[in-house]
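Student: Just a sequence and a predicted model for now, questions to come.
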Amino acid sequence: MKAAVIVFPGSNCDDDCRWALEHVCGVLTEMVWFRNRVPDDVDLIVLPGGFSYGDYLRAGALARFAPAMESVREAAEKGRLVLGICNGFQILVEAQLLPGVLLRNTCLQFLCKDVFLKTVRSDTPFTHGVPDVVRMPIAHGMGNYYIDADGLKALQDNGQIVFQYCDHAGRVTAEANPNGSLDNIAGIVNRAGNVLGMMPHPERAAEDALGCHDGRYLLESAIRHLTRA
Amino acid sequence: MKGKVIVRLKSEVSDPQGMTIQQTVSKLGFEGVRKVRAGKYFEIELDAPDRSAAEKTLHGLCDRILANPIIEDYTFEIE
């Protein structure tokens, strides 16, 4: 199998993603410049974190029009796996490959810290090997997930909420919600289940040298899903 | 022609920036400032044969990129 990481102007987690995929998980990984198309033989596309286009206008609002995004949309429609992390999640919602939007954190501060996540869905291609409660870092100023009431109901009814912010024991509480996200939402999938967007950074928690390896469960789940199929 | 576009958060969407500005303003001693909502303003110079063509361009711009319809509304004037 083959993975690709899209490099937008202003991406800054692209090399971390490549490291986690290639050196930690052993997957051939191609870096795709935003002006180019993702090659057709790529099975897993990662949209990395960072500040694409300086977060101008709205985070992800300009990156969604980058030429690479057309091929990301086509790959998503073909059922290939697409993982958007942090700014990658913001790009996916602006591109309407995922519903909702990410607003400024209610505390107005840029948050950079470890959080606990409850794995709400462990039957997606990305999460079948992820424990019930995992720890990963967040690093964002705009991670406050918002969707209207009908949209939230649809997410709940369709089981699209994959990760919720929780405490160390897996309790989804208001105190454990770092940024004001509706329903403590930290990550969602599309209805088909092949596009995941999440604010926490699995690639920054992919090996013990980084202090935590919980993110590796997610990356390896996706890889196992692809190599098993 | 010049388009003057204002993009506002919808009323049901909370605006932590506006709230923080309001709190600061109150601390500074400005009385009676009950609420602040922050938005975005764009001035767009454009070539268009007539007003309705300019309106069409601005609607397209706002719908496609300047505003996110999930959280924002927009209005514009043309000079």
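Tutor: That came in fine, so what should we check first? If you're wondering where the values come from, they're calculated on a predicted model, not measured in any experiment.
Student: Do you know the pLDDT at residue B:29?
Tutor: pLDDT, residue B:29: 89.
Student: and it, which of the three is it?
Tutor: Following DSSP: H, G, I helix; E, B strand; the rest coil, residue B:29 is assigned to coil.
Student: Show me what the least confident helix or strand in chain B by mean pLDDT is packed against.
Tutor: When the helices and strands of chain B are compared on mean pLDDT, DSSP states H and E, helix B:16-27 comes out lowest with a mean of 91. Other helices and strands packing on helix B:16-27, by 3 or more Cβ pairs under 8 Å, 6 or more residues apart in numbering or on different chains; DSSP states H and E, are absent; none qualifies. The way it works is simple: take the backbone N, C-alpha and C, and place the C-beta from them, glycine included.
Student: neighbouring contacts of that helix?
Tutor: Outside helix B:16-27, the residues within contact range by Cβ atoms under 8 Å, 6 or more residues apart in numbering or on different chains are A:104-108, A:180, B:33-38.
Student: Just these: which are in strands?
Tutor: Of the contacts of helix B:16-27, none are assigned to strands by DSSP state E.
Student: Look up how far residue A:109 lies from the residue of chain B positioned farthest from its centre.
Tutor: Seen from the C-alpha centroid of chain B, the residue lying at the greatest distance (Cα atoms, centre = their mean) is residue B:29, 26.9 Å away. Look at residue B:29 and residue A:109: by Cβ to Cβ, to the nearest Å, they are 26 Å apart.
Student: hmm, back to that, can you lay out the contacts of helix B:16-27 as CSV showing pLDDT, distance to residue A:23 and neighbour count?
Tutor: Shown next, in CSV, are the contacts of helix B:16-27 (pLDDT from 0 to 100; distance: Cβ to Cβ, whole Å; neighbours: other Cβ atoms under 10 Å in any protein chain shown):
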residue, pLDDT, distance to residue A:23, neighbour count
A:104, 93, 34, 22
A:105, 94, 32, 20
A:106, 91, 37, 15
A:107, 90, 35, 14
A:108, 88, 36, 12
A:180, 96, 35, 19
B:33, 92, 55, 13
B:34, 92, 56, 6
B:35, 94, 52, 9
B:36, 95, 49, 16
B:37, 95, 47, 15
B:38, 95, 43, 15
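Student: Of those residues, just say which sits nearest to residue A:83.
Tutor: Using Cβ to Cβ, residue A:105 comes nearest to residue A:83 of these, at 22.2 Å.
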